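Q: Got a sequence here, can you model it:
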Amino acid sequence: MKGFLRSFLSAAAGTFAGVLLVVVGIPLLLVLIASNVQWTAKVSVEPQSVLHILLDGQVVDGAPSVEWIFEDGGHRIRLSKLIRAIRAAKEDSRIVGAVLDIRNPNMGWASATAIRRELESFKESKKFLMSYADRLDEKGLYLATVAEKAYVQPNGDIELNGLAIEEAFLKGLFTKLEVQPLIFRVGRFKSAIEPLILDRMSPENKEQLVTLIADIWGDVRTALSAKAKVPSEKVDEWVSELSIQSIDDAKKAGLITETLFSDEFDDLVHEAAKWGESDEPKYVSVSEMYAATKSRGKEKRKIALLVAEGEIVKGESTRGQVGDDTYLSALAEIKDDDDVAAVVVRINSPGGDALASDVLWRELAVLDEDRPVVASMGDIAASGGYYMAAGARHILAEPTTITGSIGVFGVLFNAESLFKNKLGVQFDRVATHPYADFGNFTRPLAKKESDAIQAGVERTYRRFINVVAESRGFEKVEDVEKIAEGRVWSGRRAVELGLVDELGGLDRALAKAAEFSGLTDGYQIDVYPKTTDRLSRLLEQLSEDSVSLGHLEAKMGLSSSVVRFLSKMASGPLEHVLSLMERVRDSRRPGVLAREPVSATAIR
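A: Predicted coordinates for the structure are as follows:
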């Protein structure tokens, strides 16, 4: 009886939730869309204002999707808008200083490098720059120490013990499940498949990752040693000996200025900004600064900014993906617009489908023959992401960008023993020809099938090598082979190897595109792929205000419980995270991928 009652109540609750979504949620969204609500009011920056740079949430390159607003309620900070807001504040006489408020940012090292560089430039204006945080890890310290004065909550936390990458290995799990991963790869350093077949990192993988994090640590160490006014070797000594264990240790080392409670810090900013005792604080958010200075010029000539963020796949883009069909359509729009003088492709991708990467490389290379194409690399532009970038005539990366990984792998799974021994399920088949069910995951591969797959992977790798050699102007293919084999490189090292032309961020890439196309009298920036439906445009407007679900509650006048309920109900049908095994199973073909497994945020 209790079980029946529990089931009945659960079903009733589910029915009520569904009815509420249909009756309240969907009509509410439709009303908002139909009314074409203007969420961004005109912003007036008052004299003696202070730019408030809130780093709390994920730093991204792309515009929000429909799924974004219902994902997790967290902030999304668009890097390009953050950079432009800081740059505008530097030049705006109404802004007297800036506060870097470090809460819980989630970003790769290249994004952190871009923000730090822009703040270094801001200091040239002689306006004050202060930072405040409750806790700081290595990335937080890297950012906080750019400020002339860095403050931390007296009882806050600090972590300074170096950088590391940890990977999970699934060999034991597959053994227990009696599932056999079938691996095909080219390149000693192509480590994406290692978690499927090993129980620890290979020597080659350790070698490349040690070099990568050492390069990134070099930039961090330089920044910290400059702040503390000590030799870089001293910073290494602190880290190796765990000398910086508390906020007081960091203060004694010269990494932070002082410990203050948040109200004391507010008083300090009040004094630095020279606000009167009875004056209300005049803080300007990043979104307000961006909106106040957003160019509304009538320049006819444009630079198209194509943002490619996420895994490269065949077909249409969904959240976190770069679908080749979606981007081919965007490139076609760019080609048809005679006012577009140049193109900057902003790549923040670990790669993905090898064929889709090749398709996009070709389209960019052909477009570059008609008008200049410049590639700007974000946190990661590796494997298929680098493949795409090779279509540009000029490539820029941050020193801490993860790039390279010129290699290919394929994978299938044999789950026959799982079904037979664990589940008691067996399969039988008939076919017109011996290999008609090629790729079926319920039987072992025949040698001829295995040889065919390996040959296909090797052809794809050879194609990748030739594309890089041709596009980057290497005299010999062998010169590319020496730096390929799936090995990852930092942006700084990629410049030395000839894989990247220069170090710099998105703004430098835009300036380079303008230089190539002769745009000396100003230009507009047109972002692609364009959002065509009203809901997406509405969400993009919301993102300019750094709106989270909490902000949405205030805008819509709804209680937090209702908005949270709507978010959970709407996110279910939109959540389509397909694993590699699912894709291989559905396609019945090996996933031939040009992909780098290291996440841009995995280096901690």
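Q: Quick check: bridge partners of Asn414?
A: Gln180 (DSSP bridges).
Q: Number of residues surrounding Asp336?
A: Neighbourhood size, Asp336 [other Cβ atoms under 10 Å]: 8. Where you see a C-beta, it was placed from the backbone N, CA and C, and this is true even at glycine.
Q: mind checking the backbone torsions on it?
A: phi -80, psi -10 (degrees, to the nearest 10).
Q: any idea how far it is from Arg462?
A: Using Cβ to Cβ, to the nearest Å, Asp336 is found at 34 Å from Arg462.
Q: Was I right to think Trp109 contacts Trp217?
A: No - Trp109 lies out of contact with Trp217 (Cβ atoms under 8 Å); the separation is 9.8 Å.
Q: Between those two, point out the one with more neighbours.
A: Between Trp109 and Trp217, Trp109 has the larger neighbour count (other Cβ under 10 Å), namely 29 against 19.
Q: what sits against the more buried one?
A: 139, 216, 219, 379, 398, 400, 600, 603 (Cβ atoms under 8 Å, 6 or more residues apart in numbering).
Q: quick one: least confident of those?
A: Taken together, these show their lowest pLDDT at Ala600, with 68.
Q: just the helices in the stretch 101-250 of the chain please.
A: Ranges of helices within the stretch 101-250 of the chain are 109-122, 138-144, 171-177, 194-197, 203-228, 232-241, 247-253, based on DSSP state H, counting those that start in this stretch.
Q: Which residue is the nearest non-sequential neighbour of Trp361?
A: Take Trp361 and drop its neighbours on the chain: the residue closest to it by Cβ to Cβ, 6 or more residues apart in numbering is Gly391, 4.3 Å away.
Q: ok, how many other residues are close to that neighbour?
A: Here the number of neighbours of Gly391 (other Cβ under 10 Å) works out to 23.
Q: Where does it sit: helix, strand or coil?
A: coil (DSSP: H, G, I helix; E, B strand; the rest coil).
Q: So what sits opposite Leu55 in the bridge?
A: Those that pair with Leu55 in a beta bridge, by DSSP bridges, are Ile102.
Q: Could you export the helices of the stretch 101-250 of the chain to TSV, including columns for distance to Asp279?
A: Formatted as TSV, the helices of the stretch 101-250 of the chain follow (distance: least, Cβ to Cβ, whole Å):
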stretch	distance to Asp279
helix 109-122	23
helix 138-144	27
helix 171-177	61
helix 194-197	57
helix 203-228	32
helix 232-241	41
helix 247-253	31
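Q: Would you mark the buried spots in stretch 499-510?
A: Under the neighbour-count criterion of 16 or more other Cβ atoms under 10 Å, stretch 499-510 has 499-501, 503-510 buried.
Q: That should have said stretch 355-374, apologies.
A: Buried, per 16+ other Cβ under 10 Å, within stretch 355-374: 355-361, 363-365, 367-368, 371-374.
Q: and if you look at stretch 79-94?
A: Those would be 79-90, 92, for stretch 79-94 by 16+ other Cβ under 10 Å.
Q: How about residues contacting that stretch?
A: 45-49, 51, 53, 59-61, 95, 98, 107, 111, 114-115, 118-119, 121-122, 124-125, 127, 284, 286-287, 289-290, 292-293, 346, 378, 505-507, 544.
Q: rewinding a little: now, among the contacts of Trp109, which is nearest to Ala455?
A: Using Cβ to Cβ, Ala600 comes nearest to Ala455 of those, at 32.8 Å.
Q: remind me which residues of this protein are low pLDDT?
A: Residues of the chain that meet the criterion pLDDT under 70 lie in 1-43, 63-74, 294-298, 531-600, 604.
Q: sorry, back to before: now the residue nearest to Trp361: phi and psi?
A: Dihedral angles (degrees, to the nearest 10) for Gly391: phi -80, psi -10.
Q: thought it was touching Asp358?
A: No - if you go by Cβ under 8 Å, Gly391 and Asp358 don't touch, sitting 9.8 Å apart.
Q: Now the residue lying closest to Lys314 once chain neighbours are set aside: which helix or strand?
A: Distances taken as Cβ to Cβ, 6+ apart place Ala356 nearest to Lys314, at 4.9 Å, with adjacent residues excluded. Counting by DSSP states H and E, the element that carries Ala356 is helix 354-370.
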